[in-house]
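Novice: The following comprises the amino acid sequence and a computationally predicted model.
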Amino acid sequence: MNTIKWENYKLAWDRINHAKEHGCGIEVIAISESIMNDRLLSFLEGQPNNQISVKTSFYSKIKAMGTYLNAPIGIEITAREGSSHESCSTNDLFREVDNWRVDRNKIIHGIARPESDWTPNNSIEFETLLNKTAKQGENLARMVIKWHGIALAAHRKETCIS
């Protein structure tokens, strides 16, 4: 990872930790999505016939992963201690990311838009989903980073062998 990217990631994780300490779950969710978006973009940009760009939606990047999941298949990713995710396959990881994206949308859009798919009945219901989604987002961001590193290493190994 280059120096600027490393500094950006350090800032992102510092902000996540600060947001957690101050009960700012929406900030944790936003930064977690940004990290996952970046790693998906990095992976997808290196694939043949790539149609993905910085402007491609998070959903479209996740969907595009379905085309490439066979590349790093079988990689087992173990999350950090204390994570709600112990270990999962690549397919499971991106299924979890997509499920998380749905909860993220509920948090971001549901609070102020009554016509959205989900509107909280009360502040406790909102806070419960917010806290769950923030924690899952942080864990999934770490897992996607780890997956990305493993996938790149596997790709480099294949390239060197060919």
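Specialist: Perfect, I can see it now. Residues are numbered from 1 along each chain as shown.
Novice: Quick one: the strands in this structure, in order.
Specialist: Applying DSSP state E to the chain gives strands spanning 77-78, 87-88.
Novice: hey, least reliable of the ones you listed by pLDDT?
Specialist: Note on the strands of the chain: lowest mean pLDDT is at strand 77-78, with a mean of 50.
Novice: So Phe43 is in contact with Ile150, correct?
Specialist: No - applying CB atoms under 8 Å as the test, Phe43 and Ile150 come out as separate, 10.9 Å apart. Heads up, the C-betas are built off the backbone N, CA and C, glycines and all.
Novice: out of those two, which sits in the more crowded spot?
Specialist: Set Phe43 next to Ile150 and count neighbours by other CB atoms under 10 Å: Phe43 wins out with 23 against 15.
Novice: how close does that one get to Asn99?
Specialist: 19 Å (CB to CB, to the nearest Å).
Novice: got it, and Trp13?
Specialist: Trp13 is 23 Å from Asn99, by CB to CB.
Novice: The two: which is more packed in?
Specialist: Using other CB under 10 Å as the criterion, Trp13 and Asn99 rank with Trp13 on top: 16 against 12.
Novice: Count the neighbours of the closest residue to Asp98 other than its chain neighbours for me.
Specialist: Nearest residue to Asp98 in three dimensions, chain neighbours excluded: Ile62, at 5.0 Å (CB to CB, 6 or more residues apart in numbering). By other CB under 10 Å, 18 other residues sit near Ile62.
Novice: Just confirm Ile62 contacts Leu41, I think it does.
Specialist: No - the criterion here is CB under 8 Å, and Ile62 misses it with Leu41 at 11.4 Å.
Novice: wait, what's in contact with Met36?
Specialist: Phe58, Val97, Leu140, Ala141, Val144 (CB atoms under 8 Å, 6 or more residues apart in numbering).
Novice: how about 6 Å then?
Specialist: Met36 is in contact with Ala141, Val144, counting by CB atoms under 6 Å, 6 or more residues apart in numbering.
Novice: I'm done for today, thanks for sticking with me.
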